[in-house]
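1. Sharing a model prediction with you, sequence too.
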Amino acid sequence: MINSNKAFTLLEMLIAIAIVVVGALGVFSAVAKYSTLTQNEKDSLTAAYLCQEGIEIVKNFRDTNWLNGASTWKDGLACSSGCEADFDDTSLSAFSSTDYLYIDSATGLYQYDHETADTETFYTRKIIVTEVGDDELDIQVDVVWPGHTMTVKENIYNWK
């Protein structure tokens, strides 16, 4: 006589449940890892833009010196020990590692003025300007956030 019992045994059920659990844990682990990596990339992209903005701030000061007829194109750009500035500042100020950038929720712009900007971030930006020669300045911008540092360098010239 042929046994035609089609019911699962307890052992078969436990094996099936173990396979499903291992598969589900793999998916949850991948989602958690993806979420962490996405946040790290977002933070790095923001830091890259803040670095580039630091370079553009110094270039803007140089160009303003030319337009305003300053005595030299480098006026106000001596900053070998580290400075900070916002996009709308007219001069560089001394860097403080405890000054974090804030986001103005109305404009979405980053700035140090926490009275007009309302959301504190964990980014600090240090701008270092070093004179290379009479017609060249080396700009280094360091953006620091927890566990990370991004540095961007560029040289600007007296092309006028």
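-> In hand now; what should we look at? Numbers count the residues shown, from 1 in each chain.
2. residues in contact with the residue positioned nearest the centre of the chain?
-> By C-alpha atoms, centre = their mean, the chain has its centre lying nearest to Ala47, at 1.5 Å. Residues in contact with Ala47 (C-beta atoms under 8 Å, 6 or more residues apart in numbering) are 123, 143, 145, 148, 150. For the C-beta atoms, the positions are set from N, CA and C on the backbone; glycine is no exception.
3. Could you report the neighbour count for the fourth one?
-> Same thing as His148. By other C-beta atoms under 10 Å, 13 other residues sit near His148.
4. after the host helix or strand of the residue nearest to the centre of the chain comes which helix or strand?
-> Element membership for Ala47, per DSSP states H and E: helix 10-67. On the C-terminal side of helix 10-67, the nearest following helix or strand under DSSP H and E is strand 79-84.
5. Using PDB, write out every CA atom in that next one.
-> The C-alpha trace of strand 79-84 is given here as PDB (Å, rounded to 0.1, in the frame of the first residue of the first chain):
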ATOM      1  CA  CYS A  79      43.600  84.500   6.500                       C
ATOM      2  CA  SER A  80      46.300  82.000   7.000                       C
ATOM      3  CA  SER A  81      45.100  80.900  10.400                       C
ATOM      4  CA  GLY A  82      41.500  80.200   9.400                       C
ATOM      5  CA  CYS A  83      38.400  82.400   8.800                       C
ATOM      6  CA  GLU A  84      34.700  82.000   8.300                       C
END
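6. What strands flank the helix or strand that it is followed by, and is each parallel or antiparallel?
-> Later in the chain than strand 79-84, the nearest helix or strand by DSSP H and E is strand 93-94. Paired with strand 93-94 in the same sheet, following DSSP bridges, are strand 79-84 (antiparallel).
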